[in-house]
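In: need a structure here:
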Amino acid sequence: MKKITISLFAAVLCFCLFVFAETALAYVMAENHPIDIEMSRMIDEDSSTASVMEAYEYASKEWDKLLNENYKALMGKLSKQEQEKLRASQREWIKYRDLEFAFNEEYWSKFMGTMYIPFPYAFQSNFVRERALRLGFYLEDLNMK
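Out: Residues are numbered from 1 along each chain as shown. Model prediction:
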């Protein structure tokens with residue numbers, strides 16, 4: 001019995017390590033995404049506070065477009081039951097996003113200095129980026145099936 005428990009534990013551990021390693025690799029590979037590259041180029045070109053905010057706004061809009069594209073494509077590949085769950089998940093994510101954005105803006109407004117002004121913009125861009133990539137990873141998994 002003890003050998004079976006240890007074997008089962010080892011199998012579960014190996015599976016978890018594989019899944020986490022795959023996810024970590026996907027996020028590292030996503031760092032070279034064209035949206036990130038363009039945003040970095042914009043900031044490198046002009047690192048004034050206003051330009052940094054514009055770069056993050058650009059990225060936020062592009063990530064939102066990609067999020068919507070991935071969502072629509074993913075919905076087209078799911079069963080009705082999966083579609084309902086994804087739709088509910090996305091609606092709750094939007095509520096969560098809006099609350100996080102409101103909190104983040106309020107939080108950073110207390111800090112003095114121009115260096116803090118772009119922080120909410122960076123947060124928003126990264127928040128939407130994460131969801132867009134997550135939906136894209138689901139889509140990639142289904143495309144490899």
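In: pLDDT weak spots in the protein?
Out: 1-31 (pLDDT under 70).
In: at 90 what do you get?
Out: By pLDDT under 90, the low-scoring segments of the chain are 1-32, 115, 143-145.
In: Do a quick rundown of the strands in the chain.
Out: Along the chain, counting by DSSP state E, no stretch forms strands.
In: and it, what are its domains?
Out: With automatic domain parsing as the criterion, the domains of the chain are listed as 1-30, 33-144.
In: Mind listing what's buried along stretch 75-91?
Out: Neighbour counts over stretch 75-91 (16 or more other Cβ atoms under 10 Å) mark 86, 90 as buried. No exception for glycine: its C-beta is placed from N, CA and C like everyone else's.
In: Now do that stretch: distance to the chain's middle.
Out: Distance of stretch 75-91 from its chain centroid, counting by Cα atoms, centre = their mean, to the nearest Å, is 18 Å.
In: which one is residue 131 nearest to, not counting chain neighbours?
Out: Once flanking residues are discounted, residue 131 sits nearest to residue 67: 5.6 Å by Cβ to Cβ, 6 or more residues apart in numbering.
In: no no, residue 119
Out: residue 108 (4.6 Å).
In: right, and that neighbour touches residue 120 too?
Out: Yes. At 5.1 Å, residue 108 counts as touching residue 120 under the criterion of Cβ atoms under 8 Å.
In: out of the two, which sits in the busier spot?
Out: residue 120 (20 against 16; other Cβ atoms under 10 Å).
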